[in-house]
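Engineer: Prediction below, plus the sequence it came from.
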Amino acid sequence: MIDRINPFIKLVTVLVTSLLLMFSPDWRLNTFISVIVLLLLFTSKRVQLRQALKIILPALFLSCSFFITGWQFSHTGGADLSLSVQSTRYVLEDAAFLNGLQLGTRIFSFAVLGLLTALTIYPNELIASMVQQGK
């Protein structure tokens with residue numbers, strides 16, 4: 001599906017998505033974008049599964065490291081618990097855990113976006129697409 005999209009449009013979409021991630025601190029958005037990008041990667045004909053996994057596994061390890069660091073060494077120290085009501089459910093939120101979750105998912109989202117760009121856009125096709133779009 002992603003193989004049929006114009007390379008210039010793919011690049012612009014990745015840049016806009018990166019800007020969205022930069023200014024949105026929500027871990028749910030980060031996770032959603034990561035899942036969508038992984039689905040696009042694994043359904044692409046250009047991406048070899050082995051090649052993608054060689055890059056995704058270290059990125060996953062790095063994002064888990066950031067999650068643990070953000071969780072354990074947060075400025076709140078894990079003592080700030082808040083009780084909130086969301087759609088008639090009570091949710092116990094730990095500020096340090098959410099900080100770690102936000103950091104870890106953000107790192108992984110940026111990593112898979114970069115991977116999507118690197119593995120699905122060929123430089124010659126991108127240049128030809130930019131020349132064609134610029135006329």
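Structural biologist: Sure, I can see it. Residues are numbered from 1 along each chain as shown.
Engineer: Quick check: buried residues in the one helix or strand residue 41 maps to?
Structural biologist: Assigned by DSSP states H and E, residue 41 falls within helix 27-43. Buried residues in helix 27-43, counted by 16 or more other CB atoms under 10 Å: 27, 29, 30, 31, 33, 34, 37, 38, 40, 41. For the C-beta atoms, the positions are set from N, CA and C on the backbone; glycine is no exception.
Engineer: which residues are contacting that helix?
Structural biologist: For helix 27-43, contacts defined as CB atoms under 8 Å, 6 or more residues apart in numbering pick out 1-2, 17, 20-21, 47, 49, 52, 56, 98, 101-102, 105-106, 108-109, 112-113, 115-116, 119-120.
Engineer: pLDDT averaged over that helix - what is it?
Structural biologist: If you average the pLDDT over helix 27-43, you get 93.
Engineer: hang on, the earlier thing: in helices, which of the contacts of helix 27-43 appear?
Structural biologist: 17, 20-21, 49, 52, 56, 98, 101-102, 105-106, 108-109, 112-113, 115-116, 119-120 (DSSP state H).
Engineer: any idea how far the residue lying closest to residue 109 once chain neighbours are set aside is from residue 10?
Structural biologist: Spatial nearest neighbour of residue 109, excluding adjacent residues (CB to CB, 6 or more residues apart in numbering): residue 30 at 4.4 Å. Distance, residue 30 to residue 10, by CB to CB, to the nearest Å: 20 Å.
Engineer: Thank you, goodbye.
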